[in-house]
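Visitor: Build me a model:
(2 chains)
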There are 2 protein chains.
Amino acid sequence: MRKRTAAVVVIGNEILTGKAQDKNASFLIGELYRLGVALRRIVVIPDEVDEIARTVRDCAAQFDYVFTSGGVGPTHDDVTIEGIARAFGRAVARHQELAEIIRGYLGDDVDEARMRMADAPEGTRLIHSEGLRWPVLAVENVYILPGVPEHFRKKFEAIREHFRVEPFHTRAIYIREDEFDIAHWLSQLAADHPDVEIGSYPNFASADYRVKITVESKEAAAVERAVAALLSLLDPSVLVRTE
Amino acid sequence: MRKRTAAVVVIGNEILTGKAQDKNASFLIGELYRLGVALRRIVVIPDEVDEIARTVRDCAAQFDYVFTSGGVGPTHDDVTIEGIARAFGRAVARHQELAEIIRGYLGDDVDEARMRMADAPEGTRLIHSEGLRWPVLAVENVYILPGVPEHFRKKFEAIREHFRVEPFHTRAIYIREDEFDIAHWLSQLAADHPDVEIGSYPNFASADYRVKITVESKEAAAVERAVAALLSLLDPSVLVRTE
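Guide: Here you go, the predicted model:
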């Protein structure tokens, strides 16, 4: 099965200047991992049309899914829709179905500021879901999500199951050995087992272990083979535990 | 004075898969803001030489400073040095001064795994500072920092004052008005005051205020002019407070 990949594009000066903390990319990290989707890039950029266009175009070409966060409100600094339209060389146009949803809530005499929420890149698809007042907008492989964390979560949860594939399998081995002293045979292990990802994370703070080694793959058997090889290389006295 | 810009490049599969949480980019957000440096991009990418090379090259060309986090240990997944070398078309070579530092700590019979910590892109500069056992490595406008948060902080703090410029001035105005109903005159305000950045952040959770408007610039007087204009536009009854 082909590996599915994703990028998260967080749009907002407020994140880059520390006026607000990112909660959406960090939420998606866990969600995508559990869905079996390989998150390959997180980018945080300002509310600028050209930056958004360039970043979204680049990510949409390289990864299966792109999730954007933020910049979809009604004010001058909300330029995500325009940026995504420009990424794909499309115009922004009033989306009739979105316009009807707004009129359904607010009546025919809705003002133009509110009606502008119905403007979207041409060819935008709407993803409806029970419990969502406002659908998720998607353009090509780009899913446009709001910046407000509670709304972001609710919308992503509504579409989450669209993305589920085979899960990742991960094991962790904790050892009391210095990274310098295992680097050589870790390289060998990585070369012998190209079907798994091997990570090595030193711990300088704990007396419990010195290095956590992780072995990960979509194939459980490949993980077990690599872990067995790792344990056979290891002097048993340095093993703290496996998880 | 020309505005100084920066990018942060976080390198690590462990962040993208949720095995570890980013602490370094979020730390630098506050540090750079207080230094007066405009952070323009944060990117999180995997431990892959080509991804690192492409991202670092791109950021180094666009921004004044690039700070990398992670991938500088001794194991197979530590490929930041190679990636940065490739970004600039340079070879990786043993850095004589770094090699001497290692020999100074460990003696002449140091093993090759440890000595490899002295390998760096050709032309790497070393930035020494009191209290740092290991200098900060810099290549062109790229500052190479470790992934372990305590080490990252200590190293950044040692070089922080190199980057200080004029501070940002920011005011915040909290109002009890809907974003839709202020969008029009916020656009006008932004057009009339191109010398400030105006942000608009809705709050759906609090009864206290509905929108926080921020006005920001390197020029205190420009901020005060825009805030005065904003307050004159505003019906006093919707003003909650200014900060």
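
Visitor: Per-residue pLDDT of A:E130, please?
Guide: Looking at A:E130, its pLDDT is 88.

Visitor: now do A:M1
Guide: Looking at A:M1, its pLDDT reads 52.

Visitor: A:F204 now?
Guide: 85.

Visitor: I figured it hits B:G147, correct?
Guide: No: the pair A:F204 and B:G147 fails to qualify as a contact (CB atoms under 8 Å) at a distance of 11.4 Å. The way it works is simple: take the backbone N, C-alpha and C, and place the C-beta from them, glycine included.

Visitor: Who has more neighbours out of these two?
Guide: B:G147 (26 against 8; other CB atoms under 10 Å in any protein chain shown).

Visitor: ok, A:F67 touching A:K155?
Guide: No: when contacts are counted by CB under 8 Å, A:F67 is not listed as touching A:K155 (10.0 Å).

Visitor: residues shared between the contacts of the two?
Guide: A:L145 (CB atoms under 8 Å, 6 or more residues apart in numbering or on different chains).

Visitor: In terms of neighbours, single out the busier of the two.
Guide: Neighbours were counted for A:F67 and for A:K155 using other CB under 10 Å; A:F67 has more, 29 against 22.

Visitor: you'd agree the more buried one is in a helix?
Guide: No: judged by DSSP: H, G, I helix; E, B strand; the rest coil, A:F67 forms no part of a helix; its state is strand.

Visitor: can you list the weak-confidence ranges in chain A?
Guide: A:1-2 (pLDDT under 70).

Visitor: Now do the helices in it.
Guide: A:13-16, A:24-35, A:49-62, A:80-87, A:96-106, A:112-115, A:149-159, A:179-192, A:220-233 (DSSP state H).

Visitor: ok, and what's touching the first one?
Guide: With CB under 8 Å, 6+ apart as the test, helix A:13-16 has contacts from A:19-22, A:44-47, A:70, A:77, B:29, B:38-42, B:197, B:199, B:201, B:214.

Visitor: who's in contact with the residue nearest to A:E219 when sequence neighbours are not counted?
Guide: Nearest non-adjacent residue to A:E219, counting by CB to CB, 6 or more residues apart in numbering or on different chains: A:D195, 6.6 Å away. Contacts here follow CB under 8 Å, 6+ apart; on that basis A:D195 touches A:217, A:219, A:222, A:226.

Visitor: Tell me who's in contact with the first one.
Guide: By CB under 8 Å, 6+ apart, the contact set of A:S217 is A:168-169, A:195-197, A:223, A:226.

Visitor: Against A:E166, how distant is it?
Guide: 10 Å (CB to CB, to the nearest Å).

Visitor: can you check the third one too?
Guide: Spatial separation of A:A222 from A:E166 under the definition CB to CB is 12 Å.

Visitor: on that earlier part again, list only buried entries from the contacts of A:D195.
Guide: Buried members of the contacts of A:D195, counted by 16 or more other CB atoms under 10 Å in any protein chain shown: A:217, A:222, A:226.

Visitor: Was I right to think the second one contacts A:H193?
Guide: Yes: with contact defined as CB under 8 Å, A:A222 and A:H193 form a contacting pair (7.1 Å).

Visitor: Give me the domain ranges for chain A.
Guide: A:5-163, A:170-242 (automatic domain parsing).

Visitor: Go through the ones you listed and pick out the most buried.
Guide: Neighbour counts (mean count of other CB atoms under 10 Å in any protein chain shown) averaged over each of these peak at domain A:5-163, with a mean of 19.

Visitor: chain center to that domain, what's the gap?
Guide: Averaging C-alpha positions (CA atoms, centre = their mean, to the nearest Å) puts domain A:5-163 13 Å from its chain's average.

Visitor: hmm, back to that, of the contacts of helix A:13-16, which belong to strands?
Guide: With strands taken from DSSP state E, the overlap with the contacts of helix A:13-16 comprises A:44-45, B:38-42, B:197, B:199, B:201, B:214.

Visitor: what about A:E100, distance to chain B?
Guide: From A:E100 over to chain B the distance is 18 Å, taken as CB to the nearest CB, to the nearest Å.

Visitor: need the contact list for A:V223.
Guide: A:169-171, A:196, A:215-217.

Visitor: If we use 7 Å, what do you get?
Guide: A:169, A:171, A:196, A:215-217 (CB atoms under 7 Å, 6 or more residues apart in numbering or on different chains).

Visitor: so which of those residues comes closest to B:F180?
Guide: A:E216 (46.2 Å; CB to CB).

Visitor: what's the closest one in contact with, if anything?
Guide: So A:E216 contacts A:168-170, A:196-197, A:223 (CB under 7 Å, 6+ apart).

Visitor: do A:R171 as well
Guide: Contacts of A:R171 (CB under 7 Å, 6+ apart): A:215, A:223, A:227, A:242-243.

Visitor: Find the nearest non-adjacent residue to A:D111, please.
Guide: Nearest non-adjacent residue to A:D111 (CB to CB, 6+ apart): B:F180, at 7.3 Å.

Visitor: what separates the one you found from A:I144, distance-wise?
Guide: In terms of CB to CB, B:F180 sits 19 Å off from A:I144.

Visitor: Disregarding flanking residues, what is the spatial nearest neighbour of A:H193?
Guide: Here the residue nearest A:H193, using CB to CB, 6+ apart, is A:A226, at 4.2 Å.
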